[in-house]
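Participant: got a predicted structure here, sequence first:
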Amino acid sequence: MTVVFAKRALLTTGWAEQVRVKLRGGKIDAIITQAKAEPEDQRVDALLPALANLHSHSFQRAMAGMTEYRMAGRDSFWTWRDLMYRFTAHLTPDQIEAIAALVFLEMQESGYASVGEFHYLHHQKDGSPYDNLSEHSDRIMAAAAQTGIGLTHLPVLYSYAGVGKRPLEPGQKRFGNDVDQFCTLVEQARSCAEALPADCRVGIAPHSLRATAPDDLARILEAQTKGCPIHIHIAEQPKEVQEVLAGLGARPVEWLLENAPVDQNWCLIHATHMTSKETLAMAASGAVAGLCPVTEANLGDGPFNGAAYLEARGAFGVGSDSNVLVSLTEELRVLEYSQRLRDLSRNVLVRGEGSVGHALYTGAAQGGARALGRDAGEIAVGHWADLVAVDTTQPSLCALREDQLLDGLVFAAKDEVVTDLWSAGRHSVVGGRHVARDQIIARYRKAIGDLLEQIR
Ligand code: ZN
């Protein structure tokens, strides 16, 4: 049995001191406060529940920094997407695995214990399926196994280029499946996942109301859910809202809530452009808002309707989406700052009075775990041991009282304060470094070198 001894730990009842957390079979087996450390205990400073990163397209990490050059005319989300398609045309299975391992390492070093990988790049370069239909899903799982991150794998149904069953464009041919082929792919991914640790899950992800048609959505919900996580991109861009309104007769979030059994198993990614009515209805549905503030800022999506959603007790979590930057503290900070910039106010994302850092961190911990279908999000007996330790003696945190520590983490610190991370008890980050860092980075450098040669 592993025992973690923390000078202080954030439990469900608040901060406790001198805490021994016993881990067994990847889960938290016992918590003892006001305890003495035993010689074999793994000692840390402050222990927190580690967050889930609820939305990632890992391969996009390899194009970070390549799309920030202003070109004549107006750059937009849609020109970014064109570049992403040119990039995806060349990726090989080995490269996909190497990039995913790098991204998962970066997530763990920044304090995320788990990831929801929203995976839509399925097929060979010419668009035909591999002999092994779930080849790329298997590679994502191999990267998860190598890094130790807790994976909720989300194979994506991507069938059309737009509302009204517009056929896929050439740049989308590696993404496409019909419902039957998609169901086979999900079943194969599920059998591959059996070789992974027990906290690995496979959900489903209808890509969006643009790429998944209403009748197909109904069919995959019928065939594939069984209580698993269901993720969908929704209302990210005004153009998408207009397209869905014109084609389906309602705004995206409005349409989904009226036409699909949205509940706490669902995660609605972005949900940026909502009316007040949609905001309240989504909060009441129990679905998690999958917010990706750094990517949403990078792509010019817009700010989330945060204050009204939180007031209505809506659940939320954060994801790194395009992975242009993988940073847990930055993600939470940009989420709050986007609200302050829009509203010309301070301390927005907390209900009533209280610590914004605490509300953001604990809200994202619980919402993220729910979105990934993962018993986690709190340090509590019976939950997966998703734990992160931070060094509160660092200059950015050492002046703060206990009740200010999460404000310090979110607003004043960088991810470097993370010393240790466990994903379902797997101790992947020690002394601020991932245990397989050197191999994973060497393999990434080789993969990216090969890829750039192909693209040139
Ligand atoms: Zn996304």
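Facilitator: Now that the structure is in, tell me what you want to look at.
Participant: all strands of the stretch 1-150 of the chain, in order?
Facilitator: Under the criterion DSSP state E, counting those that start in this stretch, the stretch 1-150 of the chain carries strands at the ranges 2-11, 14-24, 27-32, 42-49, 51-56, 112-119, 150-157.
Participant: what's the closest of those to Glu187?
Facilitator: strand 150-157 (10.0 Å; C-beta to C-beta). Where you see a C-beta, it was placed from the backbone N, CA and C, and this is true even at glycine.
Participant: which neighbouring elements make contact with that closest one?
Facilitator: strand 112-119, helix 135-147, helix 179-193, strand 201-202, strand 205-206 (3 or more C-beta pairs under 8 Å, 6 or more residues apart in numbering; DSSP states H and E).
Participant: want to try JSON lines for those, with mean pLDDT, mean neighbour count and distance to Leu105 as columns?
Facilitator: Converted to JSON lines, the helices and strands packed on strand 150-157 look like this (pLDDT from 0 to 100; neighbours: other C-beta atoms under 10 Å; distance: least, C-beta to C-beta, whole Å):
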{"stretch": "strand 112-119", "mean pLDDT": "98", "mean neighbour count": "30", "distance to Leu105": "11"}
{"stretch": "helix 135-147", "mean pLDDT": "98", "mean neighbour count": "23", "distance to Leu105": "5"}
{"stretch": "helix 179-193", "mean pLDDT": "96", "mean neighbour count": "19", "distance to Leu105": "20"}
{"stretch": "strand 201-202", "mean pLDDT": "97", "mean neighbour count": "23", "distance to Leu105": "21"}
{"stretch": "strand 205-206", "mean pLDDT": "98", "mean neighbour count": "26", "distance to Leu105": "23"}
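Participant: what's the closest of the ones you listed to Gln339?
Facilitator: Across the helices and strands packed on strand 150-157, Gln339 has its closest neighbour in strand 112-119 (22.1 Å, C-beta to C-beta).
Participant: quick one: list the elements packing against the helix or strand of the chain with the lowest mean pLDDT.
Facilitator: Counting by mean pLDDT, DSSP states H and E, the chain has its least confident helix or strand at helix 77-88, which shows a mean of 78. On a contact count with 3+ C-beta pairs under 8 Å, 6+ apart, helix 77-88 meets no helix or strand.
Participant: number of nearby residues for the residue lying closest to Val288 once chain neighbours are set aside?
Facilitator: Excluding the flanking residues, the one nearest Val288 by C-beta to C-beta, 6 or more residues apart in numbering is Ala371, at 4.1 Å. Applying other C-beta atoms under 10 Å, we find 34 residues neighbouring Ala371.
Participant: please, where are all the helices along the stretch 151-300 of the chain?
Facilitator: 179-193, 214-224, 238-248, 252-259, 276-285, 293-298 (DSSP state H, counting those that start in this stretch).
Participant: and the contacts of the second one?
Facilitator: The contact list for helix 214-224 (C-beta atoms under 8 Å, 6 or more residues apart in numbering) reads 157, 159, 178-179, 182-183, 186, 204, 206, 212, 230, 248, 259-261.
Participant: quick one, it and strand 150-157 angle?
Facilitator: If you take axes from the mean of the first three to the mean of the last three C-alpha atoms, to 10 degrees, helix 214-224 sits at 140 degrees to strand 150-157.
Participant: got a list of what the nearest residue to Gln237 once chain neighbours are set aside touches?
Facilitator: Leaving aside its sequence neighbours, Gln237 sits nearest to Phe77 (C-beta to C-beta, 6+ apart; 5.4 Å). Phe77 makes contact with Glu236, Gln237, Leu299, Gly300, Asp301, according to C-beta under 8 Å, 6+ apart.
Participant: of all those residues, which two lie farthest apart?
Facilitator: Glu236 and Gly300 (10.4 Å).
Participant: output the helices and strands packed on strand 150-157 in a markdown table; the columns should cover distance to Ala52.
Facilitator: Converted to a markdown table, the helices and strands packed on strand 150-157 look like this (distance: least, C-beta to C-beta, whole Å):
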| stretch | distance to Ala52 |
| --- | --- |
| strand 112-119 | 4 |
| helix 135-147 | 13 |
| helix 179-193 | 17 |
| strand 201-202 | 11 |
| strand 205-206 | 15 |
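Participant: looking at the ones you listed, which is nearest to Arg340?
Facilitator: Nearest to Arg340, of the helices and strands packed on strand 150-157 and by C-beta to C-beta, is strand 112-119 at 24.2 Å.
Participant: thinking again about what came up before, neighbour count winner among Glu236 and Gly300?
Facilitator: The neighbour comparison of Glu236 against Gly300 (other C-beta under 10 Å) goes to Glu236, with 23 against 11.
Participant: does Asp29 touch Val4 like I think?
Facilitator: No. Counting by C-beta atoms under 8 Å, Asp29 does not reach Val4; the two are 11.3 Å apart.
Participant: which residues are common contacts for these two?
Facilitator: Going by C-beta under 8 Å, 6+ apart, residues that sit against Asp29 and also against Val4 are Leu23.
Participant: quick one on the thing from earlier: will you turn the helices of the stretch 151-300 of the chain into CSV that also has distance to His136?
Facilitator: Shown next, in CSV, are the helices of the stretch 151-300 of the chain (distance: least, C-beta to C-beta, whole Å):
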stretch, distance to His136
helix 179-193, 10
helix 214-224, 18
helix 238-248, 25
helix 252-259, 27
helix 276-285, 31
helix 293-298, 21
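Participant: coming back round to it: the more surrounded of Asp29 and Val4?
Facilitator: Val4 (25 against 17).
Participant: who's in contact with that one?
Facilitator: Val4 neighbours (C-beta under 8 Å, 6+ apart): Arg20, Val21, Leu23, Asp41, Gln42, Val44, Leu47, Leu387, Ala389, Trp422.
Participant: just give me the closest of these to Ser134.
Facilitator: The closest of the contacts of Val4, once distances to Ser134 are taken by C-beta to C-beta, is Trp422, at 28.2 Å.
Participant: moving C-terminal of the one helix or strand that closest one maps to, what's the next helix or strand?
Facilitator: Element membership for Trp422 (DSSP states H and E) is strand 418-423. Next in sequence after strand 418-423, counting helices and strands by DSSP H and E, comes strand 426-430.
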